[in-house]
Every structure is written in structure tokens, then in C-alpha cells.
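A.B. asks: how would this look folded up:
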Amino acid sequence: MVSPVSVVSRAALPGSRLLLIRVLLAAALTLPGCSGGSSGWAANSPVQGSLVQGSLVQVSPVPVRPLAHGVFVAGPEAPEDAVTDAQLDAYSAAVGVPGVAGGPGLAYVYLSNNWFRSRHFPVQVVRRVQARGAAPVVRLMLRSSDEAATGPDGSYTDAGYTLAELAGGALDADLTVWAREAARLPGPLYVEYGTEVNGDWFGWNARWNGHERGAALFVRAYRHLVGVVRQAGASNVRWVFHVAAQDDPQTDGPQTDGSQTDGRPGWNRLEAYYPGGDVISVLGVSAYGAQTPQDTDIRSLRSQLDAVLPRLGALAPGKPVLLLEFGSAAGASVTPEAWAGAALNDLTSGRWPQLRGFSWWNSAWQNDDQAAHDTEMRVERQPLLAAVFRRYLGHTSLGTGSVTSTLDLRP
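C.D. replies: Model prediction:
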């Protein structure tokens, strides 16, 4: 994770149908804070548009394939690797999906495997997730801390986990054990390495690995990792290539915010990091609104996915895409319920047919020593946000089939 939308009218897609529903203009629909943020947000906000201008609303065409509903859960009460049943149940109850183990509900759970806590595959967590009927999507976080390991000169110094060490085989022995543990579980198991690689907040970004040379080194390291895991017998693992919606820093092309590139054209384009279609089965993307209450440059999900999904489609035609991380913090100029309402409206309308699922970043964390600056994205702590989720995730109960509890990542 790093640093709005009108109801869409268009011809029905094949296999789609329209649903006309009458909407009561309750307070939950008249969401506060919709006029905040950038002008780009306000112009696209469904809350300021046709959604509240009359009682009859046309719900946009349903996608050919319904979207899998997933979640990432974390909070200050437990490490992000814990993924407790209590956390999953709290989210499930808030958004109105079943949370009882063994019953239908979430399609997948997005979870972390931080090697500074354990170099073993997260067997127990994955078993609990699978017992709920959900598929695991694992972030393989090869790092020594969840804090950036930067030296006095600003360089990244995460010794033991560098791309060069991974590509050179320094982690092979532990990766072999990890893979054998994964191989004993039912699959498929979806695993990513190099989360948000085109963002420089992680050590696998090319900024810390020679800029122009760094992307090629990432590709070599990723391919080596996959080779080790496959050789160890983990044929049940499917690999995910996960990028941020915006290259950060942006290193070529016109900058939408008017900023300049760093003078090294192209080194941080997401395309440069792609390990190859013979390695990658699924593409993933992150797209956030406000990440702290202080954020003012708040981009809609629509603006971000409209920009990045065509790039991913050109890079890897036919590969399924998951929106692995999206969210927006409480207390910002655009409320999370307004941001999420716009996002969920577009997601459930079929605007992006290549998307197969979405997972809200249901987490909270401290940013500094001022409590007012803490980030809160947990749906269960925000009644208005929960109401928005229940409204959109409830489309299935109305018969539209826009959201599903099954993860289908077939081509």
C-alpha cells in the first residue's frame, strides 16, 4: 500500500442485464464530504450526480463474470500476518456477507507472509482461510522489517533480502522449505513477490537497485524465485505480478500533476518489471484514495484504473486482473463512504471487464505521535462506510450477480 463516479449509461454487454431499482433518498445516500478534494473527484462523484437527483436509478450493466469479493485485514491489535477469524468476521458482518467458517462468504483473503516474522509458509493461516471457503492470495514479503531499511545516505540497505541476493541463490534453502510446505496444501495458492514494485517505498524497486539495471534485476530475481519453488514441487502455486496504479516516481511521459521526471526515462515504468507470461498467471493492482486524514490530492478509483488497466492489458493480454488493494482513510476531505461508493459503483457496473475481483484494505495504523493523524480504513469502525458496502455487495440478493464468493481466475 502507498501513496467518483456518475452512474454509467451504455449499451448492455453480452450476457448483461439492466436492473431498475427505486432508491429512497435516505441520509445514508446523502454522504457528507462529497464536495471536498480535487475538482476531478467532485466532477465524477455519484453522490453529486444522477444517483440523488431522482428516485429511479438505472444500475449499470452487470459484467459477464461477477467480481470475486476479497479483503485484507489488519489492525494495531495484531500483526498483519495474523489474519484472525475475529478480524474476518468483523469485516464480513459489517459488509453483510456470511462469516461463519465453512460457509459461503468471501471469495479470497489477501494476506501477508513477512519473512522477518517467519520464513515458513503460513500454513495455519492459509488452512483457516480455506476452511472459510476462501482462496488465499499471499504477499511473499522478503524483508527484514516493515519499516524502510534506509541508510544515512538514503540508500536502501535491507541486507539479506536484496534482489541481487535473491537472484544469486542466497535464499534458496529457505525458499525450498517454504515451497515444500506450500506443496502439501490444496491449491491453487496465489502468491505475489515484489508488491507494488513500481513504487519506491519497497526495496525491490529499481531506485534501490541501479535504476535502469534495477528492473532487469527484479525480473531475474522473480524468475529465479519461481524456478526454485517449482523445482521444490509446489506446482499448486500460481504467481501474481502486483503493481501500483501509478509509477512512483514517474520517469517518462507527461505528468498529470505537472511535475517533472527524474531525468532517467523509463526506468520505473511498470512494464519494465514484468517477469513474463510463462511465470505470471495473474496481475494485481493497488489504487488508493486518501491514505491519511491529511491527504488532499485524492484520486478516484476510476481515474486510476482507467489509466493503468489498458497498460496491463497491453503488457499481458488475456491475463486476469485483481484489484488487490483499494481503500480511503477516514477524516480526509473526501469521506471514505463517498470514495468507496463511487469505486463500488464502477466495480459492480462492469466498467472494467478484465477485473476478476477486489479486496478492500481493511486496516488501521499510526502515522505519528498525534492520534488525529492515524489512518482508519476498517469498515466495521465506520457505520456510513459499512452501509455503502452493504448496498453494493447486496446486488447479488437483487439478482444481478455482480459480486461472487468464488474466485475464478481462469483465462
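A.B. asks: CA atoms for contacts and neighbours, from now on please.
C.D. replies: Noted.
A.B. asks: Name whatever forms a beta bridge with the residue nearest to the spatial centre of the chain.
C.D. replies: Note on the chain: the residue nearest the mean C-alpha position is residue 325, at 1.7 Å, using C-alpha atoms, centre = their mean. With DSSP bridges as the criterion, residue 325 is bridged to residue 286.
A.B. asks: how much space between it and residue 73?
C.D. replies: Residue 325 is 11 Å from residue 73, where distance means C-alpha to C-alpha, to the nearest Å.
A.B. asks: got any residues that touch both of these two?
C.D. replies: residue 361 (C-alpha atoms under 8 Å, 6 or more residues apart in numbering).
A.B. asks: Let me see the residues that make contact with the helix or strand that contains residue 306.
C.D. replies: Using DSSP states H and E, residue 306 falls within helix 301-315. With contacts defined as C-alpha under 8 Å, 6+ apart, helix 301-315 is touched by 4-5, 245-246, 271, 283, 287-289, 319, 339, 342-343, 346.
A.B. asks: Restricted to strands, list those.
C.D. replies: Cross-referencing the contacts of helix 301-315 against strands under DSSP state E gives 283, 287, 288.
A.B. asks: can you list the weak-confidence ranges in this protein?
C.D. replies: Applying pLDDT under 70 to the chain flags residues 1-64, 99-104, 148-156, 253-265, 394-401.
A.B. asks: list the buried ones in the longest helix belonging to it?
C.D. replies: The longest helix of the chain (DSSP state H) is helix 212-231. Neighbour-count burial for helix 212-231 flags 212, 214-226, 228-230 (criterion: 16 or more other C-alpha atoms under 10 Å).
A.B. asks: Could you name the helices and strands sitting against it?
C.D. replies: helix 163-167, helix 172-183 (3 or more C-alpha pairs under 8 Å, 6 or more residues apart in numbering; DSSP states H and E).
A.B. asks: between that helix and helix 172-183, how many degrees?
C.D. replies: 50 degrees (axes from the mean of the first three to the mean of the last three C-alpha atoms, to 10 degrees).
A.B. asks: mind listing the strands for this protein?
C.D. replies: 19-22, 56-59, 67-73, 108-114, 135-141, 189-193, 237-244, 282-288, 321-327, 355-362, 364-365, 375-376, 403-404.
A.B. asks: how about those strands in CSV, adding distance to residue 334?
C.D. replies: As requested, the strands of the chain are exported to CSV (distance: least, C-alpha to C-alpha, whole Å):
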stretch, distance to residue 334
strand 19-22, 26
strand 56-59, 23
strand 67-73, 22
strand 108-114, 26
strand 135-141, 29
strand 189-193, 31
strand 237-244, 21
strand 282-288, 12
strand 321-327, 12
strand 355-362, 17
strand 364-365, 18
strand 375-376, 14
strand 403-404, 25
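A.B. asks: Endpoint to endpoint, stretch 165-184 covers what distance?
C.D. replies: Stretch 165-184: ends 27 Å apart by C-alpha to C-alpha.
A.B. asks: Please read the previous query as pertaining to stretch 78-91.
C.D. replies: Taking C-alpha to C-alpha, the first and last residues of stretch 78-91 lie 15 Å apart.
A.B. asks: same deal with stretch 226-235?
C.D. replies: 10 Å.
A.B. asks: Which residues are in contact with residue 138?
C.D. replies: Residue 138 makes contact with 110, 111, 112, 113, 189, 190, 191, 192, according to C-alpha under 8 Å, 6+ apart.
A.B. asks: Please repeat the previous calculation with a cut-off of 7 Å.
C.D. replies: Applying C-alpha atoms under 7 Å, 6 or more residues apart in numbering to residue 138 gives the contacts 110, 111, 112, 113, 190, 191, 192.
A.B. asks: closest to residue 354 among those?
C.D. replies: residue 190 (17.8 Å; C-alpha to C-alpha).
A.B. asks: Return the distance of residue 281 relative to residue 139.
C.D. replies: On the measure of C-alpha to C-alpha, residue 281 and residue 139 end up 15 Å apart.
A.B. asks: Now stretch 325-338 - C-alpha only, PDB.
C.D. replies: Only the C-alpha atoms of stretch 325-338 are listed here, as PDB (Å, rounded to 0.1, in the frame of the first residue of the first chain):
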ATOM      1  CA  GLU A 325      -5.700  -3.200  -2.600                       C
ATOM      2  CA  PHE A 326      -8.100  -0.200  -2.500                       C
ATOM      3  CA  GLY A 327      -9.200   2.000   0.300                       C
ATOM      4  CA  SER A 328      -9.500   5.500   1.600                       C
ATOM      5  CA  ALA A 329      -9.000   6.900   5.100                       C
ATOM      6  CA  ALA A 330     -11.400   8.500   7.400                       C
ATOM      7  CA  GLY A 331     -11.100  12.200   8.200                       C
ATOM      8  CA  ALA A 332      -9.900  13.300   4.800                       C
ATOM      9  CA  SER A 333     -11.500  16.000   2.700                       C
ATOM     10  CA  VAL A 334     -13.300  13.200   0.700                       C
ATOM     11  CA  THR A 335     -15.100  10.900   3.000                       C
ATOM     12  CA  PRO A 336     -14.300   7.100   2.700                       C
ATOM     13  CA  GLU A 337     -18.000   6.400   2.200                       C
ATOM     14  CA  ALA A 338     -18.100   8.800  -0.800                       C
END
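A.B. asks: No further questions, thank you.
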